[in-house]
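Q: Next comes the sequence, and after it the predicted model I'd like to discuss.
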Amino acid sequence: MLTNKKVAFIGAGSMAEAMISGILKEKVLLPQQIFVTNRSNKERLLLLQEQYGVKTFSNNQEILLEMDIVVFAMKPKDIAETIAKIRHYTTEQQLFISVLAGVSTSCISQLLGHNAPIIRTMPNTSAAVGESITAISSGNFAELEHLNMSEELFKAIGEVAIVEEEKLDAITGLSGSGPAYIYYLIEAMEIGAKEIGLDEHLAKSLIAQVLIGAAERIKSTDLSSKTLYKQVMSPGGTTEAGFKVLESYHYQEAMVECIKRAAARSTELGKLYSNVK
Ligand SMILES: NC(=O)C1=CN([C@@H]2O[C@H](COP(=O)(O)OP(=O)(O)OC[C@H]3O[C@@H](n4cnc5c(N)ncnc54)[C@H](OP(=O)(O)O)[C@@H]3O)[C@@H](O)[C@H]2O)C=CC1
Ligand SMILES: O=C(O)[C@@H]1CCC=N1
């Protein structure tokens with residue numbers, strides 16, 4: 001479906017790079033099918049060009065008219081400014097894909113000022129190792145073929161879940177931001193490991209395998225997470241002793257509130273940076 005299609009990334013940051021590297025690794029597109037631009041960082045464009053063989057452009061917006069798919073990968077705060085600069089080089093025949101937190105497809109339609117199909121998505125940075133979970137939703141004016149094309153693109157960087165657009169703020173708070181919550185936990189485990197005398201290298205591999213094992217387990221069993229952690233916990237044993245400390249710090253409540261706040265922030269970002277009243 002993506003053979004001979006030209007895809008432009010507007011925004012060349014960590015999310016765009018994670019996607020480009022996965023897409024090329026899986027050979028879903030060839031480097032010459034990918035065009036990348038950003039606001040001003042020329043060194044960054046050069047680096048992407050050298051590393052991935054993709055084409056880059058900065059002062060040549062007309063090239064956008066040749067694109068079949070345009071991926072918006074800048075920060076939500078930059079969406080209005082970006083679209084204002086490029087909208088005259090876009091058409092209703094193109095497919096627009098957004099990875100932006102919060103920004104609705106109706107906002108993007110308004111900014112574009114025409115009825116091009118729009119797919120809103122929420123990947124995460126595990127795309128860099130082909131392990132994203134990307135939620136994709138069919139937004140304004142999108143047909144099944146647009147959803148299918150987007151699915152093909154995002155399957156290159158991990159798993160895909162097709163959802164309604166109204167779920168995307170919640171998903172952003174859970175799995176878009178999710179890797180950061182886990183890295184924060186890992187950092188805490190690394191500090192703990194150091195304080196009980198384990199060397200950094202060994203601790204890192206122990207922690208990584210704990211996470212991989214737990215993730216594989218949760219994916220392959222119907223047992224609840226509660227049952228799984230109870231299985232680890234012997235009465236009067238080490239895990240129970242550790243858990244008492246976690247509970248005294250309200251660890252689980254903190255994570256619940258963290259996810260709720262991140263999801264609410266996605267909604268806020270959508271309101272802040274859209275021109276939709
Ligand atoms: N990072 C993450 O974990 C995830 C991020 N997202 C979403 O992805 C988007 C990008 O995030 P991330 O990659 O982390 O951000 P980065 O800050 O790493 O990259 C943002 C990019 O947008 C470019 N940009 C800004 N303004 C314009 C403009 N007017 N025209 C063209 N390019 C522009 C910047 O260019 P320059 O450097 O020249 O200013 C930069 O290349 C966000 O909307 C975020 O919500 C979604 C899922 C996960
Ligand atoms: O922090 C953010 O706003 C973006 C969206 C999801 C992950 N990073």
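A: Alright, I've got the coordinates. Numbers count the residues shown, from 1 in each chain. Ligands and ions are numbered 1, 2, ... in the order given.
Q: what does the helix or strand hosting Phe154 rub up against?
A: If you go by DSSP states H and E, Phe154 is part of helix 144-155. Under the criterion CB atoms under 8 Å, 6 or more residues apart in numbering, residues 1-2, 5, 7, 19, 23, 26, 28-29, 69, 95, 97, 117, 119, 121, 123, 132, 134, 136, 138, 160, 162 lie in contact with helix 144-155. C-beta coordinates here come from the backbone N, C-alpha and C atoms, glycine included.
Q: longest single helix anywhere in the protein?
A: Longest helix in the chain, counting residues (DSSP state H): helix 251-273.
Q: buried ones in that helix?
A: For helix 251-273, a neighbour-count test (16 or more other CB atoms under 10 Å) marks 259, 262-263, 265-267, 269-270, 273 as buried.
Q: Can I get the residues you listed in CSV including pLDDT and distance to Gln209?
A: Converted to CSV, the buried residues of helix 251-273 look like this (pLDDT from 0 to 100; distance: CB to CB, whole Å):
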residue, pLDDT, distance to Gln209
Ile259, 98, 25
Ala262, 98, 27
Ala263, 98, 30
Arg265, 98, 32
Ser266, 98, 32
Thr267, 97, 37
Leu269, 96, 36
Gly270, 94, 38
Tyr273, 82, 40
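Q: which secondary structure elements does the longest helix of the chain contact?
A: The elements that helix 251-273 packs onto, with contact taken as 3 or more CB pairs under 8 Å, 6 or more residues apart in numbering; DSSP states H and E, are helix 168-171, helix 178-195.
Q: out of the ones you listed, which comes closest to ligand 2?
A: Across those, ligand 2 has its closest neighbour in helix 178-195 (7.0 Å, CB to the nearest ligand atom).
Q: ok and the closest one relative to helix 251-273, angle-wise?
A: With axes from the mean of the first three to the mean of the last three CA atoms, to 10 degrees as the basis, helix 178-195 and helix 251-273 are set at 140 degrees to each other.
Q: Using CSV, write out every CA atom in helix 178-195.
A: Extracted in CSV, the C-alpha atoms of helix 178-195 (Å, rounded to 0.1, in the frame of the first residue of the first chain):
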residue,chain,number,x,y,z
GLY,A,178,4.3,5.4,30.0
PRO,A,179,7.9,4.6,29.1
ALA,A,180,9.0,7.6,31.2
TYR,A,181,7.2,6.2,34.3
ILE,A,182,9.0,3.0,33.8
TYR,A,183,12.4,4.7,33.3
TYR,A,184,11.8,6.6,36.5
LEU,A,185,11.2,3.4,38.3
ILE,A,186,14.3,1.9,36.8
GLU,A,187,16.3,4.9,38.0
ALA,A,188,15.0,4.3,41.5
MET,A,189,15.9,0.6,41.3
GLU,A,190,19.4,1.5,40.1
ILE,A,191,19.8,3.9,43.1
GLY,A,192,18.5,1.2,45.4
ALA,A,193,20.8,-1.4,43.9
LYS,A,194,23.8,0.9,44.4
GLU,A,195,22.9,1.5,48.0
